[in-house]
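1. Can you look at this prediction? I've put the sequence above it.
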Protein chains: 2
Amino acid sequence: MAKQDRAVRTREELIRSAAMAFGRSGFGLSSLSDISNGAGVSSGALHFHFSSKRELGEAVESAAAETLHGIMAPCPPGHPDPLRLLADTSHLLSQRLTQDVVLRAGFALGGDAAWQGGAELWLQWRGWVAATLAVAGERGELAADVSADAVVSAVTAAVVGSEILGRADAEWSSCRAVTQFWSLMLPRLRVRAEEAGLPEPVSNSPATLRP
Amino acid sequence: MAKQDRAVRTREELIRSAAMAFGRSGFGLSSLSDISNGAGVSSGALHFHFSSKRELGEAVESAAAETLHGIMAPCPPGHPDPLRLLADTSHLLSQRLTQDVVLRAGFALGGDAAWQGGAELWLQWRGWVAATLAVAGERGELAADVSADAVVSAVTAAVVGSEILGRADAEWSSCRAVTQFWSLMLPRLRVRAEEAGLPEPVSNSPATLRP
């Protein structure tokens, strides 16, 4: 392997090891020696890449932000079903949070008192939810009595809360909780057939959502 | 003040100071000297009441559990409106989480990687939500296409997520988020007038919920 490739791979392994240490002990109690040991490198190698634990935390957050941006596809004005995109994307995010230790650690830093930074990733997620709902609103797809602001809050909180409960309680499935949230919420948000002047669906079950 | 009263008060001040320290730095980085200083007592006085930081954490959790039990009134089988009780209680919990530093710290321990304990308070909250929904189900007040299990997940996650976002982002109002969640969710959960064989309400707005 070329020297440069090895350096890139060591850096990635350090980020992953830092994310695992933050998940085990929180940012405050994670030690640089745990992190270098976890990555299988010397403390000198760690210091070649990162001058402080703070810098490692920033690298975890920035790697997680990159993954998040890959998940949140921008919703163009002509998208055929922005509400479905919203439900599918929040489900995908919840699933990736379960599988990807770096993504999970990046989000967790936003709620870690020892990190003393902003909740950058949650704010980015909230921004995307708001933008996608705005497209649904412009297309007249939101029920008349639904406030977009309320939906942004509810969707952001549902994904945050499911992830936290999944971390704290092994029996809680955060993906399942997000699916359940949408099974309740989606029929509530959509403009109803009678409002849109369309024929009534045969039943009110979530399986009969209009496409 | 009698000696015993002073001891009780010192103990309460130590619990409050520990809760504030956990909120500032997380459980792992809070020091016993910060906690005794915050309570305005000597380190000897702290050790008279608590032998370790772990014991202080347990005292915070147990004081928070007592407050929580005062908030979650048991829902008797004949309650006239269990769904309204559920909405009102989750709003009250969210409000008290904003105001009461010990309650907030008790819940936060459940998501703190350095605590290494269970998420006791969130589990108790989820249990109460499930019990209250069961009363609504027995009274035939849940819409036919609503799974009680889905509602328990969604309500638990909404309150957890609102609280976390409120901690991490000063502009986020967790009480408002919970109110907004219920404005969307309550009309969705209630058995619809046509299912119950009652006349249709004049509009679908949350203000026209049946009592």
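-> Arrived safely.
2. Just the pLDDT at the spatially most central residue of chain A, thanks.
-> By C-alpha atoms, centre = their mean, the mean C-alpha position of chain A lies nearest to residue A:93, the distance being 4.5 Å. On pLDDT, residue A:93 comes in at 92.
3. What of the one 5 residues further on?
-> We have a pLDDT of 88 for residue A:98.
4. That one: which element?
-> Element membership of residue A:98, judged by DSSP states H and E, is helix A:82-99.
5. how about that helix: buried residues?
-> Buried residues in helix A:82-99, counted by 16 or more other C-beta atoms under 10 Å in any protein chain shown: A:82-87, A:89-91, A:93-94, A:96-98. Where C-beta positions appear, they are placed from N, C-alpha and C, glycine not excepted.
6. Now do the contacts for the residue nearest to the centre of chain A.
-> The neighbours of residue A:93, taking C-beta atoms under 8 Å, 6 or more residues apart in numbering or on different chains as the test, are A:68, A:71-72, A:125, A:159.
7. cool, and residue A:32?
-> Applying C-beta under 8 Å, 6+ apart, the residues near residue A:32 are A:43, A:46, A:53, A:56.
8. residues near residue A:45, how many?
-> Neighbour count of residue A:45, defined by other C-beta atoms under 10 Å in any protein chain shown: 17.
9. Helix or strand: which one has it?
-> Residue A:45 belongs to helix A:43-49 when assigned by DSSP H and E.
10. who are the neighbours in contact with the residue lying closest to residue A:30 once chain neighbours are set aside?
-> With sequence-adjacent residues excluded and distances taken as C-beta to C-beta, 6 or more residues apart in numbering or on different chains, residue A:30 is closest to residue A:21, at 3.9 Å. Residue A:21 sits next to A:30-31, A:34-35, A:38 when contact means C-beta under 8 Å, 6+ apart.
11. swap in residue A:113?
-> With C-beta under 8 Å, 6+ apart as the criterion, the residues that contact residue A:113 are A:28, B:22-26, B:29, B:108, B:112.
12. cool, residue A:50 as well?
-> Under the criterion of C-beta under 8 Å, 6+ apart, the contact partners of residue A:50 comprise A:14, A:56, A:59.
13. The second one: what secondary structure?
-> If I follow you right, that is residue A:56. helix (DSSP: H, G, I helix; E, B strand; the rest coil).
14. quick one on the thing from earlier: for the contacts of residue A:113, which single residue is the most surrounded?
-> Of all these, the most densely surrounded is residue B:22 (29 neighbours; neighbours counted as other C-beta under 10 Å).
15. so which helix or strand takes in the residue of chain A found nearest chain B?
-> Taking C-beta to the nearest C-beta, chain B has its nearest neighbour within chain A at residue A:161, 2.9 Å off. Using DSSP H and E, residue A:161 sits in helix A:148-168.
16. roughly how far apart are residue A:9 and residue A:120?
-> Relative to residue A:120, residue A:9 is positioned 26 Å away (criterion: C-beta to C-beta, to the nearest Å).
17. what number of residues lie near residue A:66?
-> With neighbours defined by other C-beta under 10 Å, the count for residue A:66 comes to 12.
18. what's the answer for residue A:147, then?
-> When counting by other C-beta under 10 Å, one arrives at 12 neighbours for residue A:147.
19. ok so, going back, got the angle between the helix holding residue A:161 and helix A:82-99?
-> Regarding helix A:148-168 and helix A:82-99, their directions subtend 20 degrees when assessed with axes from the mean of the first three to the mean of the last three C-alpha atoms, to 10 degrees.
20. Any buried residues in helix A:148-168, and which?
-> For helix A:148-168, a neighbour-count test (16+ other C-beta under 10 Å) marks A:150-168 as buried.
21. again, but for stretch A:105-122
-> Using 16+ other C-beta under 10 Å as the burial criterion, the residues of stretch A:105-122 that qualify are A:105-115, A:119-122.
22. Show me the longest helix that occurs in chain A.
-> With DSSP state H setting the assignment, residue counts place helix A:3-29 as the longest helix in chain A.
23. mind listing what's buried in it?
-> Buried residues in helix A:3-29, defined by neighbour count with 16+ other C-beta under 10 Å: A:10-11, A:13-23, A:25-29.
24. With stretch A:64-75 instead?
-> Within stretch A:64-75, the residues scored as buried using 16+ other C-beta under 10 Å are A:64-65, A:67-68, A:71-72, A:75.
25. Can you report how many residues neighbour residue A:188?
-> For residue A:188, the neighbour count with other C-beta under 10 Å is 19.
26. so who does it touch?
-> By C-beta under 8 Å, 6+ apart, the contact list for residue A:188 reads A:143, A:146, B:184-185, B:187-188.
27. Check the offset of the strand or helix carrying residue A:59 from the chain's centre.
-> Of the helices and strands defined by DSSP H and E, residue A:59 is found in helix A:53-71. Computed by C-alpha atoms, centre = their mean, to the nearest Å, the separation of helix A:53-71 from the middle of its chain amounts to 12 Å.
28. now stretch A:38-57
-> On the basis of C-alpha atoms, centre = their mean, stretch A:38-57 sits 26 Å off its chain's mean C-alpha point.
29. Against which helices or strands is whichever strand or helix holds residue A:131 packed?
-> Take DSSP H and E as the rule and residue A:131 turns out to sit in helix A:120-138. Contact partners of helix A:120-138 among helices and strands, from 3 or more C-beta pairs under 8 Å, 6 or more residues apart in numbering or on different chains; DSSP states H and E: helix A:53-71, helix A:82-99, helix A:101-109, helix A:148-168.
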